[in-house]
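> model the following, please.
(one chain, ligands or ions: 1)
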Amino acid sequence: MSQKATFEFEGKKIEFSVLKGSEKELAIDIGQLRTSTQGVTTIDPGFKNTGSCQSAITFLDGEHGILRYRGYDIEELAERANFLEVAYLLIFGDLPTRDQLQNFLNDIKQYSIVADDMKKILDGFPQSAHPMGILSSLTSALIAFNPTSVDVESEEEMYQAIVKIMGKFPVLTAWSFRKIAGLPLDYGDNKLDYIDNFLKMLLQMPNQSKYESNPIVKSAIVKLLILHADHEQNCSTSTVRLVGSSHAGLYASISAGISALWGPLHGGANQAVIEMLESIKRDGGDTKKYMARAKDKNDPFRLMGFGHRVYKNFDPRARIIKRAADEVLGNLGIQDPVLDIAKGLEYEALNDPYFVERKLYPNVDFYSGIIYRALGIPVPMFTPMFALGRLPGWIAQWREMRRRKEPIGRPRQLYIGKTDRSFVDIDNR
Ligand SMILES: CC(C)(COP(=O)(O)OP(=O)(O)OC[C@H]1O[C@@H](n2cnc3c(N)ncnc32)[C@H](O)[C@@H]1OP(=O)(O)O)[C@@H](O)C(=O)NCCC(=O)NCCS
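Numbering: from 1, shown residues only. Coordinates of the predicted model:
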């Protein structure tokens, strides 16, 4: 017999079904709450206890530090898969065969041309613009260049929309940086694979005749993109699903996701971390002073890169990235004093009762900025790199939401404003 949860309200008992996920997680289905109670609702700011959907894409167990895409452990994927394999896995549910992967890449390449008129839009941005603002706007502008809506009942139309955004997004990401750096725009080279092509568009200087791929740089970038590719119902992914639930198109939903990712409490943390570490270094490297500030409730300062809504043990991505940071810096022969400050802060936080009691561990963003910097990725590009990695996850979640025919997202509220008032004429206020 299926499990039930009993809720008692004003002397009346109401039974709710308890749903069990494939990893034996339990969720109380409160779908009948308002009907059974004549309009009583629940309140849960930040959705700390509330599931918004059923999903078969990513499993995350924050208590035990587990993260799996479609059942595959993140550590194994980061070690053994390439980025497009992971993208295919997330979006379509299974790892691709060699042929499927090759076709996916060919289709993406076919659509990687961005309309030349998009450059006029790009031209309108000031050089002081942040690449995330540019990227969100350009992604939104893609709608105007591809105005027909996608019939989500048609697998073929869905597929076309997916390969188009997978093809154009790296171009837009690279261009958003080239613009602020005052560098010419590059359309890439179809002979290169997905990652090398992106790195060429981003990094090749106009006076370099050929882009030379560096295997250390490429393998670290692939790892980072895979680690960022999905993370179940986080802020930007929930945004993508919510916007998409109104049947807004894929590009509109992803553009909204980019805006949500930009904030320093979410993807913007990777830039904020490196800026924080730099400012600690400039201030003499006194980590204890900043630990004290992070704990002071009257000081708005937070230790960026620490804490996570769902990981109350370590963030498994952070462990992989920390190892990768050591490897990359070693292989490239880079000595970064900021890495020592990061390690010092981590050591102190892991031994400090404030951080231990609140289960605040380093998250994925704590070390990613250090690697990006060592790889020659400019600081304002750290968050766009996160967006590039997260793109397959957003697509997979949008596709799942539409295929499951989820209803429009529309939370309830508890109204705490003024009650009924009569209008007062302006002369009498
Ligand atoms: C990620 C984050 C937004 C999660 O927020 P949350 O789940 O709402 O947790 P809260 O903000 O309620 O934090 C719980 C407690 O830990 C404290 N805390 C959380 N993160 C902290 C940090 N980075 N530095 C100092 N204190 C922190 C809070 O002040 C709060 O303390 P209290 O219980 O005494 O009030 C939050 O930890 C944070 O701001 N981290 C820094 C930004 C960051 O690295 N984001 C990237 C996430 S991948």
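> list the contacts for the residue of the chain found nearest the ligand?
With Cβ to the nearest ligand atom, the shortest gap between the chain and the ligand falls at G307, namely 2.3 Å. Where you see a C-beta, it was placed from the backbone N, CA and C, and this is true even at glycine. Contact partners of G307, counting by Cβ atoms under 8 Å, 6 or more residues apart in numbering, are R358, L360, Y361, N363.
> could you list the domains of this protein?
Annotated domains of the chain cover 4-61, 74-405 [automatic domain parsing].
> let me know which of those is tucked in deepest.
Most buried of the domains of the chain, by mean neighbour count (mean count of other Cβ atoms under 10 Å): domain 74-405, with a mean of 19.
> quick check, distance from that one to the centre of its chain.
Remark: domain 74-405 is offset 7 Å from the chain centroid, using Cα atoms, centre = their mean, to the nearest Å.
> where does this structure come near the ligand, residue by residue?
46, 265, 269, 294, 302-309, 358, 360, 363-365 (Cβ under 6 Å from any ligand atom).
> which ones among these map onto helices?
Residues of the residues of the chain next to the ligand located in helices (DSSP state H): A269, A294, V364, D365.
> ok, the first one to D196 distance?
Yep, that's A269 we're talking about. Noted for A269: a distance of 28 Å to D196, by Cβ to Cβ, to the nearest Å.
> which among the domains of the chain is found nearest to N428?
domain 4-61 (35.7 Å; Cβ to Cβ).
> and the end-to-end length of that closest one?
End-to-end distance for domain 4-61, by Cα to Cα, to the nearest Å: 23 Å.
> give me phi/psi at the residue of the chain closest to the ligand?
Here is the backbone geometry of G307 (degrees, to the nearest 10): phi 90, psi 150.
> packing partners for the longest helix along the chain?
Using DSSP H to define each element, the chain has its longest helix at helix 155-181. Secondary-structure packing of helix 155-181 (3 or more Cβ pairs under 8 Å, 6 or more residues apart in numbering; DSSP states H and E): helix 98-110, helix 118-123, helix 131-145, helix 194-203, helix 250-262, helix 382-403.
> can you pull the contacts of N363?
So N363 contacts A269, G305, F306, G307, H308, Y311, D315, R317, A318 (Cβ under 8 Å, 6+ apart).
> save the residues you listed as CSV, and put in pLDDT too.
Converted to CSV, the contacts of N363 look like this (pLDDT from 0 to 100):
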residue, pLDDT
A269, 92
G305, 91
F306, 92
G307, 91
H308, 91
Y311, 88
D315, 87
R317, 92
A318, 90
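> regarding L19, what is its secondary structure?
The three-state label given to L19 by DSSP: H, G, I helix; E, B strand; the rest coil is strand.
> partners of it in the sheet?
Note on L19: beta-bridge partners A27, judged by DSSP bridges.
> shouldn't it be in contact with C53?
No. With contact defined as Cβ atoms under 8 Å, L19 does not count as touching C53 (11.6 Å).
> circling back: possible to save the contacts of N363 as TSV with distance to M205?
Converted to TSV, the contacts of N363 look like this (distance: Cβ to Cβ, whole Å):
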residue	distance to M205
A269	30
G305	31
F306	36
G307	39
H308	38
Y311	39
D315	35
R317	32
A318	33
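> of the domains of the chain, which is nearest L67?
The closest of those to L67 is domain 74-405. By Cβ to Cβ, the value is 4.3 Å.
> what distance separates the start and the end of that closest one?
Terminal-residue distance, domain 74-405 (Cα to Cα): 28 Å.
> please, which helix or strand holds K288?
helix 287-295 (DSSP states H and E).
> report all helices and strands that that helix contacts.
On a contact count with 3+ Cβ pairs under 8 Å, 6+ apart, helix 287-295 meets helix 269-282, helix 337-350.
> could those be laid out in TSV, adding distance to A248?
What follows is those, written out as TSV (distance: least, Cβ to Cβ, whole Å):
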stretch	distance to A248
helix 269-282	27
helix 337-350	39
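> which of these has the lowest mean pLDDT?
Sorting the helices and strands packed on helix 287-295 by mean pLDDT places helix 337-350 lowest, at a mean of 89.
> mind putting the contacts of G307 in CSV, distance to T383 and pLDDT included?
Converted to CSV, these look like this (distance: Cβ to Cβ, whole Å; pLDDT from 0 to 100):
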residue, distance to T383, pLDDT
R358, 25, 93
L360, 22, 92
Y361, 21, 89
N363, 14, 89
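> now for those, which pair is the farthest apart?
R358 and N363 (13.2 Å).
> got the contact list for the nearest residue to Y88 once chain neighbours are set aside?
Using Cβ to Cβ, 6 or more residues apart in numbering and skipping the chain neighbours, the partner closest in space to Y88 is P96 (4.3 Å). By Cβ under 8 Å, 6+ apart, P96 lies in contact with E85, Y88, L89, F104.
> mind checking which of those land in helices?
Here DSSP H is the test, and the contacts of P96 give E85, Y88, L89, F104 as lying in helices.
> what sits against the second one?
By Cβ under 8 Å, 6+ apart, the contact list for Y88 reads L95, P96, Q100, L101, F104.
> pLDDT at it, what is it?
Among the per-residue scores, Y88 holds a pLDDT of 98.
> and it, how far is that from D117?
For Y88, the distance to D117 equals 31 Å [Cβ to Cβ].
> same check, this time on the first one
As for E85, its distance to D117 is 34 Å (criterion: Cβ to Cβ).
> please name the residues that touch the closest residue to Y290 other than its chain neighbours.
Leaving aside its sequence neighbours, Y290 sits nearest to I280 (Cβ to Cβ, 6+ apart; 5.5 Å). Taking Cβ under 8 Å, 6+ apart as the criterion, I280 is in contact with D286, T287, Y290, I341, L345.
> I'd assumed T35 was in a helix, is it?
Yes. Assessed with three-state DSSP, T35 lies in a helix.
> that one and I14, how far apart?
Counting by Cβ to Cβ, the separation of T35 from I14 is 10 Å.
> please apply the same query to I165.
Taking Cβ to Cβ as the measure, I165 and I14 are separated by 44 Å.
> for A5, same thing?
Using Cβ to Cβ, A5 is found at 9 Å from I14.
> tell me which element F355 falls in.
Going by DSSP H and E, F355 is in helix 353-357.
> residues in contact with that helix: which ones?
For helix 353-357, contacts defined as Cβ under 8 Å, 6+ apart pick out A294, K295, L303, F306, A349, L350, L360, Y361.
> got the contact list for T50?
Applying Cβ under 8 Å, 6+ apart to T50 gives the contacts T42, D44.
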